[in-house]
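K.L.:
Starting from these lines, generate the structure:
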Amino acid sequence: MAQDLTVTADERTYLRELAKQYVEYANKPVMAQRAARWYDHNELRGEWPMVVFESWGVMGELTTFRCQSPLARELEQRMLSAMVHQDVIGDDTVISPVIPVNWQVGFTLFDTGTRSHRGTDTKGRQVGFHIDSVVDDFPAWLAGLKPSTYGVDREATLAQHAAVDDLLGDLVSVVRGNDSLKWFASPSASINFFMGMEAMLTEMMDHPAEMKELYRRITDDMIAFMRWQEREGLLTADNGNHYAGAGSYGFSRELKPGHPVRLNEKWLCLHSQETVGISPAMFEEFVYPSYARLAETAGLVYFGCCEPVHDIWDNCIGKLHGLRKVSVSPWCDEPRIGEATRAAGVIYSRKPRPNFVGVGTFDEPAFTEHVATTIRAARGGHLEFIYRDVYTFDGDKTKPGRAVRIIREQIEKLWK
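P.N.:
Numbers count the residues shown, from 1 in each chain. Here you go, the predicted model:
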């Protein structure tokens with residue numbers, strides 16, 4: 001399907017003015033200072049925890065987007081969101097004077113589709129979904145799977161790059177990017193999208209050999225796709241102001257990407273949220289072998305999202321190749337994982353409870369204690385706060401800025 005790269009005259013004028021402001025923000029001294037702190041932090045030399053409030057789910061409550069054309073809207077959201085984010089939230093997010101245009105890469109696991117349907121909340125947003133299984137007879141379905149398919153639309157990518165460069169290239173650097181692996185490396189998520197979580201867990205008991213084979217085949221195809229991108233020269237560096245996993249950033253002097261970029265010169269984000277219902281022993285038996293293989297391809301690894309990791313740390317997660325950050329979700333035993341990450345030299349990437357700012361009145365005293373508990377658990381190690389999964393401020397736009405302020409106050413009070 002042909003892509004729409006048209007931009008109206010009014011949108012062009014508006015976006016060029018926006019780009020000038022965007023570059024001004026990027027060139028503020030505070031951005032270089034934050035970047036320097038991120039480099040030190042990710043290399044385990046930082047003195048103070050970093051703080052990020054992920055805002056994409058609530059940006060519509062903080063500003064109004066004007067553009068209607070698809071390309072113009074995409075560019076407006078990138079630039080305007082970053083500036084509003086800095087003005088209103090004021091966390092440690094860095095704005096860089098670049099606009100990436102990503103390779104248009106596609107991957108279809110086993111060349112077969114999945115089915116799901118979305119629900120609508122009281123505000124008309126489709127933020128949740130239900131997975132409709134495409135698997136009736138698991139052993140028969142597994143036996144009939146085809147090889148995965150993948151490819152890149154170079155022509156479309158180059159056309160989009162040229163369009164953005166023509167529009168803004170004299171104001172901001174337009175660079176090639178690739179976010180196809182951003183949330184890619186999760187065999188558990190792939191299985192869940194085929195059959196749903198309940199069937200996924202019961203099939204581990206009913207057909208254990210077949211489930212292990214499915215994990216192996218998914219991992220084989222994921223690695224083949226990643227290696228194909230490496231051979232095709234499609235990988236791009238992610239050792240600067242790039243997404244490293246679950247809301248965190250990848251600033252690193254340890255990763256030294258060459259030309260072309262190799263997988264072992266990049267971050268890889270792994271997660272297995274769908275397997276929280278199995279025991280640590282079953283995780284080690286069924287799931288961990290795939291994740292260990294995937295981690296071996298990377299330079300540095302960020303593990304986790306919403307799943308608790310304390311019970312699978314000793315025999316699994318703590319042994320992953322290149323592990324640098326681990327997500328500490330609201331369901332994690334903080335003292336246990338604090339001790340573990342401190343001993344291992346792994347960054348404790350804390351996800352505060354989103355309901356504090358997403359539901360009702362912001363209970364600042366309770367949130368203060370929530371943050372203090374984390375700092376006490378992680379103290380003596382390496383800590384970052386990554387506030388995620390907020391989809392509304394429930395009418396109070398001051399909440400994220402107040403949350404960031406409280407986190408910083410508690411860091412100043414308790415960290416050293």
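
K.L.:
switch to C-alpha atoms for all contacts and neighbour counts from now on
P.N.:
Noted.

K.L.:
what about the strands in the stretch 251-400 of the chain?
P.N.:
267-270, 300-303, 323-328, 347-350, 383-387 (DSSP state E, counting those that start in this stretch).

K.L.:
Show me the one of those strands that comes nearest Val30.
P.N.:
Distances from Val30 to each of the strands of the stretch 251-400 of the chain were compared using CA to CA; the minimum, 18.5 Å, belongs to strand 383-387.

K.L.:
Report the distance from that closest one to the chain centre.
P.N.:
The gap between the average C-alpha position of strand 383-387 and the chain average comes to 13 Å, counting by CA atoms, centre = their mean, to the nearest Å.

K.L.:
And for stretch 289-307?
P.N.:
Distance of stretch 289-307 from its chain centroid, counting by CA atoms, centre = their mean, is 13 Å.

K.L.:
who touches Gly245 in this structure?
P.N.:
By CA atoms under 8 Å, 6 or more residues apart in numbering, the contact set of Gly245 is Lys182, Trp183, Leu268, Cys269, Leu270, Tyr302, Phe303.

K.L.:
Under the pLDDT cut-off, which ranges of the stretch 51-200 of the chain? List them.
P.N.:
For the stretch 51-200 of the chain, applying pLDDT under 70 flags no range at all.

K.L.:
Provide a complete list of residue ranges assigned to strands in it.
P.N.:
Taking DSSP E, counting those that start in this stretch, the strands of the stretch 51-200 of the chain run over residues 98-102, 105-108, 115-119, 128-132, 149-152, 173-177.

K.L.:
In a markdown table, list those along with mean neighbour count and distance to Ala140.
P.N.:
Formatted as a markdown table, the entries for those read as follows, by neighbours: other CA atoms under 10 Å; distance: least, CA to CA, whole Å:
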| stretch | mean neighbour count | distance to Ala140 |
| --- | --- | --- |
| strand 98-102 | 18 | 38 |
| strand 105-108 | 15 | 20 |
| strand 115-119 | 12 | 19 |
| strand 128-132 | 13 | 18 |
| strand 149-152 | 14 | 21 |
| strand 173-177 | 17 | 39 |
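
K.L.:
now these in a markdown table, with distance to Asp311?
P.N.:
Compiled in a markdown table, the strands of the stretch 51-200 of the chain are given as follows (distance: least, CA to CA, whole Å):
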| stretch | distance to Asp311 |
| --- | --- |
| strand 98-102 | 37 |
| strand 105-108 | 33 |
| strand 115-119 | 31 |
| strand 128-132 | 27 |
| strand 149-152 | 36 |
| strand 173-177 | 36 |
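
K.L.:
and Lys399, which of the ones you listed is closest to it?
P.N.:
Taking CA to CA, strand 128-132 is the member of the strands of the stretch 51-200 of the chain nearest to Lys399, at 23.2 Å.

K.L.:
Can you name every helix or strand that the closest one contacts?
P.N.:
Based on contacts counted as 3 or more CA pairs under 8 Å, 6 or more residues apart in numbering; DSSP states H and E, the elements that strand 128-132 packs against are strand 115-119, helix 187-195.

K.L.:
From the chain's centroid, how far away is the last one?
P.N.:
Same thing as helix 187-195. Going by CA atoms, centre = their mean, the spacing between the C-alpha centre of helix 187-195 and its chain's C-alpha centre is 18 Å.

K.L.:
what angle do it and strand 128-132 make?
P.N.:
70 degrees (axes from the mean of the first three to the mean of the last three CA atoms, to 10 degrees).

K.L.:
Rebuild the strands of the stretch 251-400 of the chain as JSON lines, extending it with distance to Ile375, mean pLDDT and mean neighbour count.
P.N.:
Compiled in JSON lines, the strands of the stretch 251-400 of the chain are given as follows (distance: least, CA to CA, whole Å; pLDDT from 0 to 100; neighbours: other CA atoms under 10 Å):
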{"stretch": "strand 267-270", "distance to Ile375": "24", "mean pLDDT": "98", "mean neighbour count": "27"}
{"stretch": "strand 300-303", "distance to Ile375": "20", "mean pLDDT": "98", "mean neighbour count": "26"}
{"stretch": "strand 323-328", "distance to Ile375": "12", "mean pLDDT": "98", "mean neighbour count": "26"}
{"stretch": "strand 347-350", "distance to Ile375": "10", "mean pLDDT": "98", "mean neighbour count": "28"}
{"stretch": "strand 383-387", "distance to Ile375": "8", "mean pLDDT": "98", "mean neighbour count": "25"}
